[in-house]
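1. All I have is the shape, not the residue letters:
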């Protein structure tokens, strides 16, 4: 049974999963990795969910405020040994519940065109592609998405 812990970016289990995530993204992003990495710091991330299976941290996700109504999903990752079991969807659901409790109305996120598994997950979870926002506006390898949660 999955257990979810609400925490922040100082959590050691979250930090360990993010190390694996960053390695994975460096592989997927190739030469573009440094550009994306500058927007993936753990600074100011106060809302983190870590998923555990039998006391082992297997997945994570986070959000930070984008504006008064919207949060941006950050640092979604599931350990490769635990993929394909619904963990990512469950983490997204836990983040959605938390954001709803905090009176946010929507999620936005950015992922890469080179990450079709993530794009498929977000589509399946009710996200729709939107025009690229902010720093991703003219980045052809970025895919930005949004989901209303109310």
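-> Looks like it arrived, so ask away. Keep in mind it's a predicted model, so treat the numbers as computed, not measured.

2. From here on, just use CA atoms for contacts and neighbour counts.
-> OK.

3. Verify the contact between residue 53 and residue 1 for me.
-> Yes: under the criterion of C-alpha atoms under 8 Å, residue 53 makes contact with residue 1 at 6.3 Å.

4. Going along the chain, name the strands of the chain.
-> 2-7, 47-53, 56-65, 70-78, 106-112, 128-130, 142-148 (DSSP state E).

5. Make JSON lines from those and add mean neighbour count to it.
-> What follows is the strands of the chain, written out as JSON lines (neighbours: other C-alpha atoms under 10 Å):
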{"stretch": "strand 2-7", "mean neighbour count": "15"}
{"stretch": "strand 47-53", "mean neighbour count": "22"}
{"stretch": "strand 56-65", "mean neighbour count": "23"}
{"stretch": "strand 70-78", "mean neighbour count": "22"}
{"stretch": "strand 106-112", "mean neighbour count": "21"}
{"stretch": "strand 128-130", "mean neighbour count": "15"}
{"stretch": "strand 142-148", "mean neighbour count": "20"}
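
6. out of those strands, nearest to residue 119?
-> For residue 119, the closest of the strands of the chain is strand 106-112, at 7.2 Å, according to C-alpha to C-alpha.

7. Pull up the pairing partners for that closest one, direction included.
-> strand 70-78 (parallel), strand 142-148 (antiparallel) (DSSP bridges).
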